[in-house]
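**Q** Requesting a structural model of the entry that follows:
(one chain, ligands or ions: 1)
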Amino acid sequence: MLLTGKQPAEQLYSKIDERVRSMAEVPGLFALYDPEDKPAGWYLRSIQRAGEAHGIPVYARPLSEGTALPTQPLGGMIVLSKTKTPIPILPELDVDGTGPSSFSTLYKGGLKAYPRTTPCTAEACVRLLDFYEVPVSGKHVVILGRSLTVGRPLAMLLLDRNATVAICHSKTEDLPGLCRQADILVCATGREGLVGKDCVRPGQTLINVGGDAVEEEIAPIVENLCPFKGGVGALTTAVLLQHVTETN
Ligand code: NAP
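**A** You can find the predicted model right below:
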């Protein structure tokens, strides 16, 4: 089965639309971005398009123009850049979960719902599994990638749902062997071609977050595939805008 992001995203947008209709003033998203970072630019455009379609203002500003907050009411702030110098975000605006207070909420666990500070891509992966009713409790999940934005937070969310989680990285030995053990395999390294037919077996669910998997090779083998194009990305944007309009 092909697990596309479009349907769960549409379901989430209908909730966002309802919420926006109930608001006298819709708070906006402040997006600082690095114009040199191409993937950040694509993500920004997807956010801007979705913001426009669902009545949520998006205030985008290149990092070089400073980090002062706009004067308009805000529901969130994100930094779209791989900059090594962290840019502080007020905890109440941290809608992609990058600051210490958001980490603390996530890592303490016991989450019954998703706080608006949950990292969006990680939340999108779990929402996708929920939407397609892929069982998680007691299952063996292998995550490729240990970043603070995808691999680590996703491991925490899945632990909370009683999965057994392994996180792999560039020093992991026998990656194909570990991948084959997974019931759910999440590929989030961004290394194209890393995951081929030697890494999968029948019955698995594979989420190709970073484009690592060779989809034409693995699609005939696995049970469920969330593709790179039309997959988690669309849902990530919806999750972000939902966080902007939430107050929890
Ligand atoms: P990142 O910070 O660059 O992290 C990449 C991770 O992959 C690191 O932990 C790295 O290990 C690991 N890795 C690299 N080469 C590996 C190898 N040969 N074997 C095993 N692990 C390896 O990237 P990120 O921000 O997490 O994003 C990962 C990918 O997902 C990127 O392609 C990004 O564009 C994509 N992404 C997609 C979405 C979406 O919504 N679709 C959202 C966010 C990110 P080390 O720690 O050892 O270096």
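
**Q** Need the CA coordinates for stretch 66-73. PDB is fine.
**A** Output in PDB follows, covering the C-alpha atoms of stretch 66-73 (Å, rounded to 0.1, in the frame of the first residue of the first chain):
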ATOM      1  CA  GLY A  66      18.100  40.300  11.700                       C
ATOM      2  CA  THR A  67      16.100  38.300  14.100                       C
ATOM      3  CA  ALA A  68      13.800  40.900  15.700                       C
ATOM      4  CA  LEU A  69      10.200  39.700  15.900                       C
ATOM      5  CA  PRO A  70       7.600  41.300  13.700                       C
ATOM      6  CA  THR A  71       5.000  43.500  15.500                       C
ATOM      7  CA  GLN A  72       2.000  41.400  14.200                       C
ATOM      8  CA  PRO A  73       0.500  38.800  16.500                       C
END
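
**Q** helices and strands of the chain: which one has the lowest mean pLDDT?
**A** For the chain, using mean pLDDT, DSSP states H and E, the weakest element among its helices and strands is helix 100-108, scoring a mean of 93.

**Q** who touches that helix?
**A** If you take CB atoms under 8 Å, 6 or more residues apart in numbering as the criterion, helix 100-108 is touched by 91, 94, 97, 111, 115, 117, 118, 119, 153, 156, 157. (Each C-beta comes from the backbone N, C-alpha and C, glycine too.)

**Q** Got the phi and psi for the fifth one?
**A** Spelled out, it's residue 115. Per-residue torsions, residue 115: phi -70, psi 160 (degrees, to the nearest 10).
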